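> From the sequence below, what's the structure:
(2 chains)
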Amino acid sequence: MKEKKIRSLEAVHYHVMLLPTLILLAIFSIYPTLGSIMAFKYFDPIEGIWGSPWAGLDHFKMLFQIPEFKQITINTITISLIKIILNISCALAFALLLHEIKKRWFKRSVQTIVYLPFFLSWVIMAGIFKDFFSIDGLINGIIHRLSGGEPIMFFNSNTWFMIIVYVTDVWKGFGFNAIVFLAALTAINPNLYEAADVDGASRWAKLVNITLPSIKGTIVLILILSLQGILSGGFDQIFNLYNPLVYQVVDIYDTYIYRMGFQSNQYEFATAVGLFRSAVAFIFILISQWLAKKYGEYKVF
Amino acid sequence: MSIRLTKGDMIANTIIYTILTLLVVVTLVPLLNILAISLSDSAKATAGLVTIYPLGLSWSTYTTIFKDHAILTAAGVSCQRVVLALVIDMVLVVLAAYPLSRSKKAFRSRGIYMWIVIGTMLFGPSTVPMFFTVKDMHMLGTIWALVIPGAVGQFHIILMLNYFRNIPSELEESASIDGAGPWRRLLQIYVPLSMPIMATIALFVVVGNWNAYYDGLIYSMKTSDFPLQTYIQQLVVNYDTTIRDVDQVRDLLAISNRSLTAAKLVITMIPILLVYPFMQKYFISGIMLGSVKE
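Below is the predicted model:
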């Protein structure tokens, strides 16, 4: 009895500890999430979100009618999928190469350098790459010296722009993304390799028969978890690199929402797009979690 | 280790070392290029002659920056937000993680709170209603708009509570018998034992806040409210790439001070470079801890 009393007394302290977090979540997370109701209203700045008149499904009807919506859906999913595949394969290839290195100092130095770009913001990286790929930038300088040809306007061409999006994304993340694979590689039982050495297995044979099967689980898991971001596409990168000339191929949900909301002031419509995106993304997260639990023997929460 | 290296092994080793060295070079070139441009004579930089070392070494861009009011103000806003966010976020995460690390028996409402934390993490608000919320709270244009809306880090709470759970409960039980309440147990047992994860989360918060630009963009009332990253974003992103004519772009580049912009980018990178050695130590283990099962 006494113990129970102490416990409920302690619980009061626990509630107090959680109170600040709860208040902030209520105001800045739950309240604005409910504010997405704006997507079903005609917004009146004087009445506010809650007092504005109802619009029913008007904004969603418009959403499914305009051709841009189809285009940004295709763009978002295409960009995300290609990024997922490129990022995972490059990170994996890098981890496998690094795993072959026996000299510790070399391994350490390589890691120290290639992890760095991950921590730099896309604002900085956009600034650097806009200079790097500009008409008088280093890349065009090299092209000029090698072939003497006209400079390439990388940011104005759909094809070149997409190549830059993928290349810079991999450039920024391949090192950091490899961390999980490196951890999985170091967990492989060294006896397996020793046994293979005794049998006279080649390096390639060891890679195919020991290394890859051992980390298969990790690869599948990372692939499944990457699915969660399929409606993201990487806002920070695209927002900071793009320009109206390439909207057609790089405009994704988040960039479109920003322009509709804060440049065209179509608040309700932007919210409708955002709500649609969040709802579908939520389904993807649930599927991905379920798959991860089933196939990856993994539980995030 | 096997001593005999076959010819095939040697070739493979050479290829692997070469590829990795190339990757290091590819990672460094854009960064060295911008550093070289920032330190180069403005005319040479504009002509596009600079590669990875400065031409006509000059520090003038950096002395100009230290006299530029706008960028110093922006840097001040950034420093202020990092310090405030660090203090507030850390207090919140410790206070929230402790009760949530209790067993269901010790804290019966734990389940509901966990649902709120995870639910708000998975289903976040859209940017427009978020903007109106910050506006309704009368935070637009203040430093609080950059600190408070993102102060609760659900992912950080989960990292922290997983760490707390791995601390042996015997320590707490004996303190409990000595009459220590929840607050004393948290502050005198849990916090001192959790320094590695605290350092990891602190670095997450510092880097995240230093690198944030979007909130500065939508919650600011005037340009002097901008944190450094938003200031840089406006500087480098809004330059017009829509002009199709090569000569026109050349003219534009000649007016814009390329080496000065480069120097501003370098300055903005410095804090990250300063905390980078610590990050290497803690961040990576933090990422691994993130995958620890509850």
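
> Thought residue A:162 was touching residue A:155, still the case?
No: using Cβ atoms under 8 Å, residue A:155 is not in contact with residue A:162; the gap is 11.2 Å. All C-beta spots, glycine's among them, are computed from the backbone N, C-alpha and C.

> Specify which residue of these two has the higher count of neighbours.
A count of neighbours by other Cβ atoms under 10 Å in any protein chain shown puts residue A:155 above the other of residue A:155 and residue A:162, at 21 against 17.

> what sits against that one?
By Cβ atoms under 8 Å, 6 or more residues apart in numbering or on different chains, residue A:155 lies in contact with A:130, A:133, A:161, A:164, A:241, A:243, A:245, A:246, B:241.

> quick one: low-confidence parts of chain B?
Within chain B, the segments meeting pLDDT under 70 span B:1-5, B:238-256, B:283-294.

> same thing but 50
For chain B, the stretches flagged by pLDDT under 50 are B:1-2, B:242, B:291-294.

> Mind telling me what element the residue most central in space within it is part of?
When Cα atoms, centre = their mean is applied to chain B, the residue found nearest the centroid is residue B:207 (2.1 Å). In this assignment (DSSP states H and E), residue B:207 forms part of helix B:195-211.

> ok, residues contacting that helix?
Taking Cβ under 8 Å, 6+ apart as the rule, helix B:195-211 contacts A:119-121, A:123, B:78, B:81-82, B:85-86, B:89-90, B:93-94, B:146, B:153, B:156, B:159-160, B:163, B:191, B:228-229, B:271-272, B:275, B:278-279, B:282-283, B:285-286, B:289.

> Give me the subset of the residues you listed that lies in helices.
Residues from these lying in helices, with DSSP state H as the criterion: A:123, B:78, B:81-82, B:85-86, B:89-90, B:93-94, B:146, B:156, B:159-160, B:163, B:191, B:228-229, B:271-272, B:275, B:278-279, B:282-283, B:285-286, B:289.

> Quick check: pLDDT value at residue A:1.
Confidence at residue A:1, expressed as pLDDT, is 54.

> where along the stretch 151-300 of chain A do the helices fall?
Here the stretch 151-300 of chain A has its helices, by DSSP state H, counting those that start in this stretch, at A:158-186, A:190-198, A:203-206, A:212-226, A:235-241, A:247-250, A:253-258, A:267-295.

> hmm, back to that, tell me the buried residues within the contacts of helix B:195-211.
A:119-121, A:123, B:78, B:81-82, B:85-86, B:89-90, B:93-94, B:146, B:153, B:156, B:159-160, B:163, B:228-229, B:271-272, B:275, B:279, B:282-283, B:286, B:289 (16 or more other Cβ atoms under 10 Å in any protein chain shown).

> which ones are touching the closest residue to chain B within the stretch 151-300 of chain A?
At 2.9 Å from chain B, residue A:274 is the closest residue in the stretch 151-300 of chain A, using Cβ to the nearest Cβ. Counting by Cβ under 8 Å, 6+ apart, residue A:274 makes contact with A:36, A:39, A:253, A:257, A:261, B:126, B:127, B:128.

> Mind listing what's buried along the top helix by length along chain A?
For chain A, the helix with the greatest residue count under DSSP H is helix A:67-99. Within helix A:67-99, the residues scored as buried using 16+ other Cβ under 10 Å are A:69, A:72-73, A:75-76, A:79-80, A:83-84, A:86-88, A:90-92, A:94-99.

> Same question for stretch B:124-137.
Quick answer for stretch B:124-137 (16+ other Cβ under 10 Å): B:124, B:125, B:126, B:127, B:128, B:129, B:130, B:131, B:132, B:133, B:134, B:137.

> quick one: which of those residues is nearest to residue A:19?
Distance to residue A:19 across the buried residues of stretch B:124-137 (Cβ to Cβ) is lowest for residue B:137, with 18.0 Å.

> Just confirm that closest one contacts residue A:23, I think it does.
No: applying Cβ under 8 Å as the test, residue B:137 and residue A:23 come out as separate, 11.9 Å apart.

> Show me which residues of the stretch 151-300 of chain A sit near chain B.
Proximity of the stretch 151-300 of chain A to chain B is confined to A:151, A:153, A:155-156, A:171, A:174-175, A:179-180, A:183, A:197, A:202-203, A:236, A:239-240, A:243-245, A:257-258, A:261-262, A:267, A:270-271, A:274-275, A:277-278, A:282, A:285, A:298-300 under the rule Cβ under 8 Å from any Cβ of the partner chain.
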